[in-house]
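>>> Provided below are the primary sequence and the corresponding predicted coordinates.
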Amino acid sequence: ESAGTAARGSVPASRLVCAGCGAAVAADQSFAARCPAAHPADDTDHVLRRVLDPAAVDRHPDPDPNPFLRYRTRLHAWHVARAAGWSDERFVELVCELNPWVDMARMTVSGTEATMHAMRVARAFTGRTKIVKFEGQYHGVHDYALISVLPANVADLGDENNPVGLAWGRGIPAEIAKTIIPARYNNIERLRALFERQGEEIAAIIVEPVLGNAQGIMPQPGFHQAMRALTEEFGILLIFDEVKTGFRFARGGAAEYFGITPDIATYAKAMGNGYPAAAFAGRDEIMDMLPSKVSHGGTYAGNRVAAAAATKTLEILRDTDALATIHATGERIQAGLRQLLDAKGLAYNITGHPSMFGIMFTENVASEYRDWANTDHELYDAIAVGMHARGAMPEPDSREPWFICEAHSKGDAVDKVVTIFGQSGGSGKVVHLM
């Protein structure tokens, strides 16, 4: 196996265990030296600016793909050789450095894998079988995650006081679906009632700190603190799914931003800056279950390409003001959108964090997924599609937030985004905002 785990601080060699499979092949050291960051050195800033998540509101394709294709060919050869010089040990050391509560991290390839492993190790550590998740939250595409994710008709979610576990798509065994208990975000009273009723069965609760699948709905004041206290009271682990919020809300993610210490966290997206890098991390006594008592591996987990890209990304986020720039840019875009919408007299709410926010057309402030269902999706979707035709690309789905990257701070990008938003729309009740 290749190295894929590191503990915080001084790392004994015995703790640097692997997360992937594949024999090391002798590599040309000079070639490794030419690829210190898994991308050309002169392109480092461009890669960071271009996108901190695949869901950026503006993308700029390379006008000449040939150099990129030649570069990818060289990169693939380097990956196969597993060249020395950049390793996943350095990457996970950075994860621990930026998240001081983390004792150990293990690298994997995608957010789906990270949440899958986090749930598994939580069940193993507690000896319990069930996981609580919140309605409308997305934790990947493994069977245990695809429960009560995104029904458009909230009636399908069942009674408000007793939600049903609704499988997203076919092929999910009923017995697996029964191990996932849906709950309502921002409702601590119902969460306590659930814990009192079934706490002895519940291994963990997994939560996106904000509803990344519902325009970034924020927690109400004190919600995360109360949930943390409840989990400690009932011996239930708290998993922060930071695939979207990690290294975006703050260098230490939503855990730092909200002042919460979870037991386990998952990371991807911004961490890899477009490369297939992900990780799950946690306290020593939990992560020590791996790999002797809980399985974790994979051919590409801990691969040098993803590790190098993530290492460089985290170093840039640590050593520069990139996040502050992103947050300020998001605030500028929000201010421009508010000016347009206020002038038009439309009922709306801007939800989320400046780096990851949404626009809901409704008079009410949303606090959970069921509130999203009562917003004007037709208006939002029409505007989003209209923006695509004019050169800005928010997800044409009113559930998805806008993700801001450093590139949006350059030139007149903010003005362009706001102007395009104002010019976009459709027919019928949807009108131009400018």
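Thanks, I have the structure now.

>>> where does the stretch 301-434 of the chain dip in pLDDT?
426-434 (pLDDT under 70).

>>> what are the boundaries of the strands in it?
For the stretch 301-434 of the chain, the strands defined by DSSP state E, counting those that start in this stretch occupy 349-353, 356-360, 402-403.

>>> just the ones you listed: most buried one?
strand 402-403 (a mean of 28; mean count of other Cβ atoms under 10 Å). All C-beta atoms are positioned from the backbone trio N, CA, C, and that covers glycine.

>>> before we move on, back to that, got JSON lines for the strands of the stretch 301-434 of the chain, with distance to residue 159 too?
As requested, these are arranged in JSON lines below (distance: least, Cβ to Cβ, whole Å):
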{"stretch": "strand 349-353", "distance to residue 159": "25"}
{"stretch": "strand 356-360", "distance to residue 159": "24"}
{"stretch": "strand 402-403", "distance to residue 159": "33"}
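
>>> what's the spacing between the nearest residue to residue 330 once chain neighbours are set aside and residue 268?
Sequence neighbours aside, residue 354 is the residue nearest to residue 330 in space, at 3.0 Å (criterion: Cβ to Cβ, 6 or more residues apart in numbering). In this view, residue 354 and residue 268 are 21 Å apart by Cβ to Cβ, to the nearest Å.

>>> one more: residue 299?
18 Å.

>>> more neighbours: which of these two?
Taking neighbours as other Cβ atoms under 10 Å, residue 299 and residue 268 compare with residue 268 leading, 28 against 11.

>>> tell me the contacts of the more buried one?
The contact partners of residue 268, by Cβ atoms under 8 Å, 6 or more residues apart in numbering, come to 110-111, 114, 243, 246, 277-279.

>>> try residue 111
Contacts of residue 111 by Cβ under 8 Å, 6+ apart are 139-140, 241, 243, 266-269, 278.

>>> go again with 7 Å.
Shown in contact with residue 111 (Cβ atoms under 7 Å, 6 or more residues apart in numbering): 140, 243, 266, 268-269, 278.

>>> narrow those residues to those in strands?
266, 278 (DSSP state E).

>>> quick check, nearest of the contacts of residue 111 to residue 382?
Proximity of these to residue 382 (Cβ to Cβ) peaks at residue 269, which lies at 27.3 Å.

>>> measure that closest one to residue 228 for me?
Counting by Cβ to Cβ - residue 269 and residue 228 are separated by 24 Å.

>>> repeat for residue 389
45 Å.

>>> all strands for the stretch 51-200 of the chain, in order.
Going by DSSP E, counting those that start in this stretch, the stretch 51-200 of the chain shows strands at 104-108, 130-134, 158-159, 162-163, 180-183.

>>> hmm, the residue nearest to residue 330 is touching residue 332, no?
No - the pair residue 354 / residue 332 is not scored as a contact, 8.8 Å apart, by Cβ atoms under 7 Å.

>>> what about stretch 93-110, start to end distance?
Start-to-end span of stretch 93-110 (Cα to Cα, to the nearest Å) is 19 Å.

>>> what's it in contact with?
Contacts of stretch 93-110 (Cβ under 7 Å, 6+ apart): 4-8, 11, 19, 88, 91-92, 114, 117, 247, 251-253, 255, 261, 267-268, 276, 278-284, 287, 290, 296, 298, 300-302, 307, 311, 314-315, 318.

>>> could you do stretch 166-177 as well?
Taking Cβ under 7 Å, 6+ apart as the rule, stretch 166-177 contacts 143-144, 146-151, 156-157, 165.

>>> let's see that with 6 Å instead.
143, 146-149, 151, 156, 165 (Cβ atoms under 6 Å, 6 or more residues apart in numbering).

>>> can you show me the CA trace of it as PDB?
Extracted C-alpha coordinates of stretch 166-177, given in PDB (Å, rounded to 0.1, in the frame of the first residue of the first chain):
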ATOM      1  CA  LEU A 166     -37.000   8.100   1.100                       C
ATOM      2  CA  ALA A 167     -34.500   6.200  -1.200                       C
ATOM      3  CA  TRP A 168     -33.200   8.300  -4.200                       C
ATOM      4  CA  GLY A 169     -33.500   5.900  -7.100                       C
ATOM      5  CA  ARG A 170     -33.600   2.200  -7.400                       C
ATOM      6  CA  GLY A 171     -31.100  -0.400  -6.400                       C
ATOM      7  CA  ILE A 172     -30.800   0.500  -2.700                       C
ATOM      8  CA  PRO A 173     -31.700  -2.500  -0.500                       C
ATOM      9  CA  ALA A 174     -34.500  -1.800   1.900                       C
ATOM     10  CA  GLU A 175     -32.400  -3.200   4.800                       C
ATOM     11  CA  ILE A 176     -29.700  -0.600   4.100                       C
ATOM     12  CA  ALA A 177     -32.200   2.200   3.800                       C
END
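
>>> tabulate the contacts of stretch 166-177 (TSV), appending neighbour count, pLDDT and distance to residue 343.
Formatted as TSV, the contacts of stretch 166-177 follow (neighbours: other Cβ atoms under 10 Å; pLDDT from 0 to 100; distance: Cβ to Cβ, whole Å):
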residue	neighbour count	pLDDT	distance to residue 343
143	16	94	48
146	21	91	42
147	24	91	42
148	26	89	38
149	22	86	36
151	16	72	35
156	10	76	37
165	19	83	44
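
>>> which parts of the stretch 301-434 of the chain are helices?
Counting by DSSP state H, counting those that start in this stretch, the stretch 301-434 of the chain has helices at residues 304-319, 322-344, 369-372, 377-390, 413-423.

>>> hey, least reliable of the strands of the stretch 51-200 of the chain by pLDDT?
For the strands of the stretch 51-200 of the chain, the weakest mean pLDDT is recorded on strand 158-159, namely a mean of 76.

>>> can you give me the offset of that one from its chain's centre?
How far strand 158-159 lies from its chain's middle: 28 Å, per Cα atoms, centre = their mean, to the nearest Å.

>>> for residue 253, what are its contacts?
242, 245-247.

>>> having no further points to raise, I will conclude here.
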